[in-house]
Each structure stands twice: as C-alpha cells, then as structure tokens.
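1. Any chance you could fold what I've pasted below:
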Amino acid sequence: MKLIILDRDGVINHDRDDYVKSADECIPIEGSIDAIVRLNKAGFTVVIATNQAGLAKGKFELEDLEAMHEKITGLVEENGGELGGIFYCPHHPDDNCKCRKPMPGMLDAIEAEFNTSVESCYFVGDSLRDLQAAVQKGCKPALVRTGNGVRTLAQLAVPGLQTDSPQVTPEQVQVFDNLAAAADFILASNH
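-> Here you go, the predicted structure:
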C-alpha cells in the first residue's frame, strides 16, 4: 500500500491563529485539493492526521469539526479523488495523551486501520510536531512553507531549540513551497 499522511491546518487549508472553527473558515490553500487528487489517482492512499485541541479548548464543537472534514472530503471527491481517512486528536495539549503529535498515537491508529506500516511513507506537515511524529515512526518528513512552515524551518536551523524528542535535523527534512510542490516531487520520484 502506498500511503501518504498529511497534516491539515497550514498544509491543506489556511491556518488561523484563533483556530479554524467552522467549515466557512476552512479555506483550501491554492493547489492543495488538486495535489490530494493527483496523489490519489496515482495510487496513493491519502490520510490526514491533525491535532484539534480547539475541541478541548471549547473553540468549536464536534459538529463543526465534522463539517470542516466533510468540506475537505467533498472538495476532493468533486475533483475525482478520495481521502483514505481523517484521524484527529481532540485533546488539550496538557492532557498528555498518546495521540497528540509529536506523540505517535495517530500514526499507530493509521497503521491499525490500514493494517500496514507507516515506515518510509511521506508525512507532509508545517510544524515541528508533524516532523517529530514522522521521524519517530520512520516516515519521510516533508515540510511545506505554508502555514507555520517558514517558522518551523527557522526552528530546525537552531540547534538546541527543540525541547521535545525526537530531535529533527534539517538534513532529515525535505522542504517544499506547498503541498502541490510536495506532490509534484513525490509523483516524479515514484515512477
């Protein structure tokens, strides 16, 4: 199985400092929906793994989150693609759960759902947490410059700045302007 894991906010849709709280605020980044469709049509199972602490913080309700995910799923399907699944952590950062990235719980759930290993699959994210989760499970970490990507790139460049483990080095990470560029690279390297 060819699997690709994507973070949501800042990778597929524009992120917001005050949380993406509704389907109306869930606005795709240019080219991201097409990138998912192209990957899917090339035989990849595309899944989303997203921290959604806004639920625990009362910023939005489960119905709002489901509406956001229905919107993304609908846009992908309207363009001829399919999402393999959407996995999310609903917990507060202080809950010390096993599913909130950088912890590997969501990736473990993806492995269980698809009866496969996520090792060596691409994990495209915009934050250090995404990259750490990827490295922990042996995924290929890819960073996009959209969302928090530029700030994350700066974090990677400063040794000792990372407080959580595992430590991620710039050499481990492939960097792309956006999800469309990451998809171009992945598709070109899979021929």
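2. could you pull out the strands for this protein?
-> Applying DSSP state E to the chain gives strands spanning 2-6, 44-51, 85-89, 122-125, 140-144, 174-176.
3. Figure out how far stretch 22-31 is from the centre of its chain.
-> Relative to its chain's centre, stretch 22-31 lies at 15 Å (C-alpha atoms, centre = their mean, to the nearest Å).
4. Just the buried positions in that stretch, please.
-> 23, 26, 28, 29, 31 (16 or more other C-beta atoms under 10 Å). Bear in mind the C-beta positions are built from the backbone N, C-alpha and C, glycine included.
5. try stretch 102-117
-> Across stretch 102-117, burial judged by 16+ other C-beta under 10 Å covers 102, 103, 104, 105, 106, 107, 109, 110, 111.
6. Mind checking which of these are in helices?
-> Among the buried residues of stretch 102-117, DSSP state H puts 105, 106, 107, 109, 110, 111 in helices.
7. can you list those in CSV and add pLDDT and distance to residue 75?
-> Formatted as CSV, those follow (pLDDT from 0 to 100; distance: C-beta to C-beta, whole Å):
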residue, pLDDT, distance to residue 75
105, 97, 27
106, 97, 22
107, 98, 25
109, 98, 24
110, 98, 21
111, 98, 27
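8. Can you tell me which of those is nearest residue 168?
-> Residue 168 has its nearest neighbour among those in residue 107, at 15.0 Å by C-beta to C-beta.
9. The closest one contacts residue 137, correct?
-> Yes: counting by C-beta atoms under 8 Å, residue 137 is a contact partner of residue 107 at 4.6 Å.
10. what residues are shared contacts of the two?
-> 118, 123 (C-beta atoms under 8 Å, 6 or more residues apart in numbering).
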